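>>> return a 3D structure for these sequence lines:
(chains A, B, C and D)
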Amino acid sequence: MSQSFTPNEIMTIAAARALSNSDVCFVGIGAPSAACNVARLTHAPDITLIYESGTIGTAPTVLPLSIGDGELCETSVTTVSVPEMFRYWLQGGRVTIGFLGAAQLDKFGNINTTVIGDYDKPKTRLPGGGGAPEIASSCGEIYITLAQSTRSMVEKIDFVTSFGHGEGGDHRARLGITTKGPTLLITDLAIWKPDPVTKEFTVVALHPGVTREKVQETCGWKVKFAETVEVTPAPDALELTTLRDLKARTDAAHKGTEQAGAKRGSKDG
Amino acid sequence: MSQSFTPNEIMTIAAARALSNSDVCFVGIGAPSAACNVARLTHAPDITLIYESGTIGTAPTVLPLSIGDGELCETSVTTVSVPEMFRYWLQGGRVTIGFLGAAQLDKFGNINTTVIGDYDKPKTRLPGGGGAPEIASSCGEIYITLAQSTRSMVEKIDFVTSFGHGEGGDHRARLGITTKGPTLLITDLAIWKPDPVTKEFTVVALHPGVTREKVQETCGWKVKFAETVEVTPAPDALELTTLRDLKARTDAAHKGTEQAGAKRGSKDG
Amino acid sequence: MAKIVTLKEAVANNLHDGDTAAFEGFTHLIPHAAAHEAIRQGFKDLTLIRMTPDGIYDQMIGLGMVRKVIFSYAGNPGVGLLRRFRDAVENHYPHKLEIEEHSHAAMANAYEAGAAGLPCAIFRGYLGAELARVNPNIRSVTCPFTGEKLAAVPSVRPDVTFIHAQKANKKGDVLVEGIIGIQKEAVLAAKRSVVTVEEIVDDFDDVSVNACIIPSWTITNIAVVPGGAHPSYAQGYYARDNASYLEWDVIAADREVFRTWMQEHVLDATPEDFAKRVEHLRASK
Amino acid sequence: MAKIVTLKEAVANNLHDGDTAAFEGFTHLIPHAAAHEAIRQGFKDLTLIRMTPDGIYDQMIGLGMVRKVIFSYAGNPGVGLLRRFRDAVENHYPHKLEIEEHSHAAMANAYEAGAAGLPCAIFRGYLGAELARVNPNIRSVTCPFTGEKLAAVPSVRPDVTFIHAQKANKKGDVLVEGIIGIQKEAVLAAKRSVVTVEEIVDDFDDVSVNACIIPSWTITNIAVVPGGAHPSYAQGYYARDNASYLEWDVIAADREVFRTWMQEHVLDATPEDFAKRVEHLRASK
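Residues are numbered from 1 along each chain as shown, chains lettered A, B, ... in the order given. So this is what the prediction gives:
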């Protein structure tokens, strides 16, 4: 390992590597935003990034704090209305990769961001689905990024905000959904792909230094490992520099508008 | 009569008078376009003119030859896409007055601009409805302008392109249509309004010098006259000057782009 | 024609107890000043509609002005949860809050259908998603050509919509630029509308004919409130005050801190205070 | 990414016998040059879609290239009827022409639904109108909330769409300005798309972020054809050639005059001829 890196950094960089020049990505805030922009600044300069606020083909020099930052609009090819975004661009089937995060995730890639507990009497009321229910069904495929914990990776999620592979197998097809659904789960510890038949997420690569035990300890279901489990290549110097420079620029830019003493709570990775 | 005028001029001016400052008009080419702009240039400077090509709040200095002339766009408050025009502006119920012409018209204000003869084996294939079917149902009320002839004002039209009052009475309400439909018919000879109960068009005013016989001779159905039939006030000097100046400006502007010898076939009134 | 009035008049003229109201904006151009004026005027029993309820809805909910929220994402953008909203849903404090929850696609289509005068919107959505189970306003229609089952939601038709925009011209036409969100649809879908603007200019002669312009005659009232989107931003005028969004997370976490803050910064404040709040943010934009 | 090629290549790459094609434009920016190239390449059995078929469809129909037209207003704009279209419908000359006729509202909604990936469009339309009797593709759905019966039509999904636009940038993004019509929807609804442009510029840095820009990656081919909309116009480049529209009424009235004119002005002509045709129209715009 030429350089040390954090679990969050390798998660972001592994996600960036999964993107190509011809991808059209529907980007959420947080790790996905960082990953997409690292991809754009390294091996995929022509990647198209779309944020649900209406910005198409955006190329921010710093990461946005919200999906509606001015930077996204100023650097976009075009900025459209929100109805157009959801009709022509998302539902129109033009997005190849949708990124989703999760408060709770099950082994079939179903996602909860709505409530912890019962919907009508929730223990914790979360923000809700936003664009996620239709991102999950309209994008060509879905990449999920998540920091592992037994609280977030659970046997049964409390509410299906966004449909992944349902009960597994051909459940998507049975509902008439023609897109692939979750094809990749990138955590801070490992890379997971759905089993071709059962669609259960299976560990295909461990990040450098991560053990199978660590993955199991931080996951609420019994983890399946692929026959051959690779080791995720460590971030190279360009990847790390690009990501860190992006974050440094982001911090510097956003500091400018912050009052002294305000706690920095960015969710950008 | 202070000044002579043509039947077409009084038709246009009578239509202009029926418009007010607060009207939002969906304007077709021909007499309606001239009428709306005469109204705008005389008593209704704040009238809103909308052409179906997407131009909203347009104020052309010359009359357009087509509903998509550049002049309409350049002088508009805003120019929107055609789907937006038909969804937000027409169907949205924002238009107070829709103007329609007719190849054939019946006494209940039903209009044919589709075919003369049978639909599948037409004697004359006309251009078709265009925006008219939904203009007829979505605008607050409909004004019809037409040069009288037994060919165009007929007992039974060959095809109902745009629904007026159907078979009369409450036929519109029975179809669930909530707008008023045709409330005014202005021809080169007379002003007609629907009977409050039967909805049959009834002559309420004759243009100066026009006889009841002349109106009947040029109409294919037995004409009903109101109890009191007024005489349309003759165009005043301002009205005539405004209309003629507008037409002169229009001719001069459009000549500029015409090759020698091209026949002038403008349908602008 | 839009009448240009004070913010106080605009709110008093157009908002009433029991109304269904939308204060719209998608991160950009959030109508904070209008919401604060509504708070000062003390309305109650409101049904609030918004794709992305944020601080201003958190504030109105926390003060007990709101009976019901129709929404698709209730979060503090870029920060996290809405703590007054959570307190209302989880603990019924200050009272029970009714919710009608949709996805963004559903809400965007519902506003679009409202602007288009339709009773409902159809789209391909909610496939396998559990919201359809808990929200009786998520139904379906069958495509009469392919047999595909499509999602249907009622159109959004607020009694009144409030938005903030960059500028109006003297006739009262309004220009929205940048991230235009759902503002035009929200105005066109509503019975009445109020637009707060940064400034009024003579005309829009320098603006593209295809710009997002909302004609004067579709707007009820316009009020000039410089800085009126703060802590959100107005592209071309001032930047987003990210620190205030972070601060809100702390303020809203405690019922008493919230009350005290609201008293000082909203109830005892005026529309004119917004201009001062954005002074230090003008340089960066 | 859109590939920039010659008009000849763009047409040959994207149009095939039997295709369903849209050459769209609403009075402004009619893709005349693209249609003339299609005529020179001699396709047959086409299904042509357009809200407002005008001279170019009259020409293709008159030459027997067209099996079916899906449309809402078949007229020579500002002049009158389309005489070759009439001859085909009334007299089956040069052969029988199938028609699927809609209203503008239906077609506009159908393109919008095509761009939005939906199988059908719903709208409030055709109330009392007889087209619903003669067109089996006019159906209805019932609003699941109000019970209102709404019109439904299949979405428009052409195999290929041709449009003309003012300019592309070097990356292949396309700018449409002025009367933007249905062009963006027609491109997004199609499997393949060809855009002819007046010119290619370095970038769109001087253009509003909310302008009607069609991103490069949604377009198949771009060809530079100055004057390519003539006798229609390109706002900012040249004015409409009204005389040519009037002239067409005379040319198309007679089968032989039509043939002779087509031979000289289309079959024996080139895309480069368009630039000359608009020379005298540039001053006035």
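
>>> where does the stretch 1-150 of chain A dip in pLDDT?
In the prediction, the stretch 1-150 of chain A carries residues with pLDDT under 70 at positions A:1-2.

>>> same deal with the stretch 151-269 of chain A?
For the stretch 151-269 of chain A, the stretches flagged by pLDDT under 70 are A:256-269.

>>> what ranges do the strands span in it?
Ranges of strands in the stretch 151-269 of chain A, per DSSP state E, counting those that start in this stretch, are A:182-187, A:190-194, A:201-206, A:224-231.

>>> same check on the stretch 1-150 of chain A?
According to DSSP E, counting those that start in this stretch, the stretch 1-150 of chain A carries its strands in the segments A:24-27, A:48-51, A:55-56, A:78-79, A:97-100, A:104-105, A:111-112, A:115-117, A:122-125, A:141-146.

>>> among the strands of the stretch 151-269 of chain A, which comes closest to chain B?
strand A:182-187 (33.8 Å; C-beta to the nearest C-beta). Where you see a C-beta, it was placed from the backbone N, CA and C, and this is true even at glycine.

>>> from the chain's centroid, how far away is the closest one?
Centroid displacement of strand A:182-187 relative to its chain, using C-alpha atoms, centre = their mean, to the nearest Å, is 8 Å.

>>> same check, this time on stretch A:146-157
15 Å.

>>> dump the residue contacts of the nearest residue to residue A:10 once chain neighbours are set aside.
Take residue A:10 and drop its neighbours on the chain: the residue closest to it by C-beta to C-beta, 6 or more residues apart in numbering or on different chains is residue A:207, 4.9 Å away. Each residue near residue A:207 by C-beta atoms under 8 Å, 6 or more residues apart in numbering or on different chains is listed here: A:7, A:10-11, A:14, A:188-191, A:231-232.

>>> ok, residue A:41 to residue A:23 distance?
In this structure, residue A:41 and residue A:23 are separated by 14 Å, where distance is defined by C-beta to C-beta, to the nearest Å.

>>> same check, this time on residue A:200
The separation that residue A:200 has from residue A:23, given C-beta to C-beta, amounts to 25 Å.

>>> likewise residue A:38?
Per C-beta to C-beta, residue A:38 is found 13 Å from residue A:23.

>>> and for residue C:277?
Plainly put, residue C:277 is 40 Å away from residue A:23 if you go by C-beta to C-beta.

>>> what does residue C:215 give?
Where residue A:23 is concerned, residue C:215 sits at a distance of 40 Å (C-beta to C-beta).

>>> same check, this time on residue C:278
38 Å.

>>> and those two? Which one has more around it.
Taking other C-beta atoms under 10 Å in any protein chain shown, residue C:278 and residue A:23 do not tie; residue C:278 has more neighbours (22 against 19).

>>> which single residue of the stretch 101-250 of chain A approaches chain C most closely?
When you check the stretch 101-250 of chain A against chain C by C-beta to the nearest C-beta, the closest residue turns out to be residue A:163, at 2.8 Å.

>>> OK, contacts around the residue nearest to that residue when sequence neighbours are not counted?
Distances taken as C-beta to C-beta, 6+ apart put residue C:128 closest to residue A:163, at 2.8 Å, once the chain neighbours are dropped. If you count contacts by C-beta under 8 Å, 6+ apart, residue C:128 has them with A:136-137, A:160, A:163, A:166, A:171-172, A:175, A:177.
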